[in-house]
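S.K.: let me see the structure of the following:
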Amino acid sequence: MPKIIFVEQDGTRKEVEAEAGYTVMEVAVNNGVDGIVAECGGACACATCHGYVDEAWLDKLPEMDDMEDSMLDAAYERQDTSRLTCQIEITDALEGLVINVADNEN
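M.R.: Residues are numbered from 1 along each chain as shown. From the prediction side, this is the model:
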C-alpha cells in the first residue's frame, strides 16, 4: 500500500497507508487528518477537502477536470498547486505523495 503524507495546518506531518482505489480525501478522513472536512462526502460539490499538492507531484497526477476546477474557484486561498483531494484516486504510483492541507474551516 502506498504511503501518503499529509501536512496539517499546524505543521504536523501524518504519514498514512492508503489502499488503492480510495481517494486521498477518504484516506484523510479515515485517518483523522485535521482540516480535511469533506462536507459533501466526495461528490465534488464543495471545496472542503482542498489541499495543496507538493510541486514534485503535480505532473504525476491526472489532470483536473472542469468540475473540480469550478469547485476550486470557491476554495479559500486557491493556489497553482490546489486540488480537491476527493478527485485524486490512490494508485501505487502515488507512494510518498505529499498533500499540504488547506484552510477548509475558514
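S.K.: next up, the contacts around the residue nearest the centre of the chain.
M.R.: Centroid check for the chain by C-alpha atoms, centre = their mean gives residue 85 as the closest residue, at 2.8 Å. Listed by C-beta atoms under 8 Å, 6 or more residues apart in numbering, the contact set of residue 85 reads 23, 24, 25, 28, 36, 49, 50, 51, 99. Every residue, glycine included, has its C-beta placed from N, CA and C.
S.K.: who are the packing partners of whichever strand or helix holds residue 68?
M.R.: Using DSSP states H and E, residue 68 sits within helix 66-72. With contacts defined as 3 or more C-beta pairs under 8 Å, 6 or more residues apart in numbering; DSSP states H and E, helix 66-72 has these neighbours: strand 82-84.
S.K.: could I get the average pLDDT for whichever helix or strand comes after the strand it packs on?
M.R.: Helices and strands here follow DSSP H and E; after strand 82-84, the next one along the chain is strand 98-101. In this model, strand 98-101 has an average pLDDT of 98.
S.K.: ok so, going back, among the contacts of residue 85, who's most crowded?
M.R.: residue 49 (33 neighbours; other C-beta atoms under 10 Å).
S.K.: the nearest residue to residue 87 once chain neighbours are set aside - how many residues pack around it?
M.R.: Nearest residue to residue 87, sequence neighbours excluded (C-beta to C-beta, 6 or more residues apart in numbering): residue 68, at 4.8 Å. When neighbours are counted by other C-beta under 10 Å, residue 68 registers 17.
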